[in-house]
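Participant: Would you be able to build a 3D model of this:
(one chain, ligands or ions: 2)
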Amino acid sequence: MKQLETDVAIIGAGTAGLSAYRAVKRAGIRALLIEGGPYGTTCARVGCMPSKLLIAAADAAHAASQAGGFGVHIDGRLRVDGVQVMARVRSERDRFVGFVLDSVHGMPEDDKLSGHACFVSDNVLQVDGHTEVHAGRIVIATGSAPNIPDPFKGLGERVIVNDDVFAWTDLPARVLVVGTGIIGLELGQALARLGVRVTLLNRSEGVGGLRDPAVLANARAAFAGELDLQLGAQVTGARLADEAIEVQYRDSQGEEKTERYDYVLAATGRRPNVAGLGLEKTTARLDERGMPAYDAATLQLCGLPVFIAGDVNGASPLLHEAADDGHIAGNNAAAYPDIVKARRRAPLSIVFTDPQLARVGKRYDALAPQAVVCGEVDFANQGRARIIRKNQGLLRVYADRGSGRFLGAEMAGPAMEHVAHLLAWSLQQELTVQQMLDMPFYHPVIEEGVRTALRMAAKKQMEAELDYVRECEQAVNSE
Ligand SMILES: Cc1cc2nc3c(=O)[nH]c(=O)nc-3n(C[C@H](O)[C@H](O)[C@H](O)COP(=O)(O)OP(=O)(O)OC[C@H]3O[C@@H](n4cnc5c(N)ncnc54)[C@H](O)[C@@H]3O)c2cc1C
Ligand SMILES: NC(=O)c1ccc[n+]([C@@H]2O[C@H](COP(=O)([O-])OP(=O)(O)OC[C@H]3O[C@@H](n4cnc5c(N)ncnc54)[C@H](O)[C@@H]3O)[C@@H](O)[C@H]2O)c1
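Facilitator: Ligands and ions are numbered 1, 2, ... in the order given. Here you go, the predicted structure:
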């Protein structure tokens, strides 16, 4: 077996792995990047980019179908050409992948190794049975993989995941999307708007990862008004039947249904890629799912010269977090044992549906209700939202009852990708709602809705402060 030696070995050439590689190289030491699959990253090949390309096509179809509401009529039939839609998705996607491939091709050949890596010990990896790598430090950046729910296992090509959608050369007629989390909702709505008959099924009442019950109810109503949304439903059986897949499920009313689809798209969450990594051969502490214990601030596996970055650590499976993780893990691996705790950015996540969904800061269910004041705006009557006929959604902001400091927000509505950024930047700057209100607001814009919500939170915070002063006065007077 071939023997190689390096300062830092990185397993996985996705966003986190590439970012770790660059950090190690900047430190001026040897790095070896090991990739078991195709280069190009999940984000560019089968994730963020192709999904947003499909959604962009769906947005165009939807805008055209809704133009009548402005008195603008498209005479004749609106036609979606599935072959052209998928051709653009794939060719633009390939362009994005091309940029990643260019950067990988630009790396010295000795820095790259193809094959599946697995641990032999804390410092030794075996790659596909052909090479043994001895590394001073190791960064695990192996990403995540989709779950396939039990009833659909072993049913072959009719059960697909996100990767398969972006390989299509045409749009199918009927698709069951299982899971109304982020992937299911984004892809399911896009396919439906492109003319595919889509059923979206979820075992719980959740949509898009929302946690605030008011925002969730609002978003649920918006999606239920447009899509065949089966929430609280249970798949009871599935079988292949003449070029189709037949699925039985029980809906939320207890009614048994049997439907045929061309494909079932499994969008029921993703699991960190730790299985098959041989972590049990290291001294890492593993939980019952095989996940190693690690320090979230340094990304170091407890006590080992091993770091874990990106989707595989299961903390926040988003692109910008994977890139930051790679940077932190790469720097710490290079500097080991002089590692540092990293400062993280304000939490931010966005779902590219219509209405768009977003979350900023701590999750709603992680806030202490008695320590928080909320403000909100309903976009049904918000000026700019009505002008553009996107007047659907609810934004809720949270602030600390004592100090008025902005804590976060959850939202469904138009242009939330931009609003969420403004709010995340405010959170990271540690602004109070009053300081946020002191910023300029143009007219007429969606941000005026944000101001409405902030004003409500500021008013409630002021009232809470007055209540507190009154209580103090009463306490002093009664002494
Ligand atoms: C459909 C979809 C849409 C998404 N949209 C967005 C979005 O809009 N915005 C956003 O922020 N995030 C989005 N994400 C999430 C984002 O794509 C991920 O968070 C990010 O790509 C994770 O990067 P990573 O480096 O951790 O993993 P990856 O890019 O998956 O890299 C892991 C690499 O490790 C390799 N590997 C695995 N095991 C081994 C091994 N044993 N040996 C060698 N190599 C190995 C794999 O082949 C892979 O190349 C989306 C994800 C999906 C699936
Ligand atoms: N816009 C973005 O940033 C973006 C886009 C896509 C994906 N992502 C990332 O990818 C991750 C994975 O997305 P996802 O949508 O697969 O997972 P998810 O965790 O967001 O949603 C999974 C959904 O499937 C449901 N579910 C689970 N098992 C089920 C079963 N057996 N039957 C029916 N329903 C079931 C869950 O209740 C949940 O609603 C996200 O957490 C996110 O980090 C991000």
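Participant: And the helices in the chain?
Facilitator: When assigned using DSSP state H, the helices of the chain occupy the ranges 15-26, 42-46, 48-66, 82-105, 162-165, 182-193, 213-226, 319-335, 383-387, 416-428, 433-437, 447-477.
Participant: closest to D128 out of the ones you listed?
Facilitator: helix 15-26 (17.0 Å; C-beta to C-beta). Where you see a C-beta, it was placed from the backbone N, CA and C, and this is true even at glycine.
Participant: what angle do that closest one and helix 319-335 make?
Facilitator: Helix 15-26 runs at 30 degrees relative to helix 319-335, counting by axes from the mean of the first three to the mean of the last three C-alpha atoms, to 10 degrees.
Participant: What residues sit buried inside helix 15-26?
Facilitator: By neighbour count on 16 or more other C-beta atoms under 10 Å, the buried set for helix 15-26 is T15, A16, G17, L18, S19, A20, Y21, R22, A23, V24, K25.
Participant: Next, the angle from that helix to helix 82-105.
Facilitator: For helix 15-26 against helix 82-105, the angle by the same axes, to 10 degrees is 20 degrees.
Participant: Determine the set of other helices and strands touching helix 15-26.
Facilitator: strand 2-11, strand 31-35, helix 82-105, strand 131-140, helix 319-335 (3 or more C-beta pairs under 8 Å, 6 or more residues apart in numbering; DSSP states H and E).
Participant: does any part of stretch 86-104 sit near ligand 1?
Facilitator: No: judged by C-beta under 6 Å from any ligand atom, stretch 86-104 stays clear of ligand 1, getting no closer than 9.6 Å.
Participant: And that stretch, how far out from the chain middle?
Facilitator: Chain-centre distance of stretch 86-104: 21 Å, with C-alpha atoms, centre = their mean, to the nearest Å.
Participant: in it, what's buried?
Facilitator: Under 16+ other C-beta under 10 Å, the buried positions of stretch 86-104 are M86, V89, R90, R93, F96, V97, V100, V104.
Participant: Ok, stretch 440-454 next?
Facilitator: Quick answer for stretch 440-454 (16+ other C-beta under 10 Å): V445, I446, E447, E448, G449, V450, R451, T452, A453, L454.
Participant: close enough to count as contact, the third one and P440?
Facilitator: What that stands for is E447. No: in this structure, E447 is not within contact of P440 by C-beta atoms under 8 Å, at 9.3 Å.
Participant: From the chain's centroid, how far away is stretch 470-479?
Facilitator: For stretch 470-479, the separation from the chain centroid amounts to 50 Å (computed by C-alpha atoms, centre = their mean).
Participant: Restricting to C-alpha, output it in CSV.
Facilitator: Extracted as CSV, the C-alpha positions of stretch 470-479 are listed here (Å, rounded to 0.1, in the frame of the first residue of the first chain):
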residue,chain,number,x,y,z
ARG,A,470,-43.9,51.5,39.1
GLU,A,471,-43.2,48.2,40.9
CYS,A,472,-40.0,49.6,42.3
GLU,A,473,-41.7,52.8,43.5
GLN,A,474,-44.5,50.8,45.2
ALA,A,475,-41.9,48.6,46.9
VAL,A,476,-40.0,51.7,48.2
ASN,A,477,-43.2,53.4,49.4
SER,A,478,-44.4,50.3,51.2
GLU,A,479,-41.2,50.1,53.2
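Participant: Of all residues in the stretch 101-250 of the chain, which one is closest to ligand 1?
Facilitator: Of all residues in the stretch 101-250 of the chain, G143 sits closest to ligand 1, at 2.6 Å by C-beta to the nearest ligand atom.
Participant: Let me know the pLDDT of that residue.
Facilitator: According to the prediction, G143 has pLDDT 98.
Participant: going forward, begin numbering at 390 instead of 1
Facilitator: Let's use 390 as the start, then, which means that last one is G532.
Participant: number of nearby residues for it?
Facilitator: For G532, the neighbour count with other C-beta atoms under 10 Å is 26.
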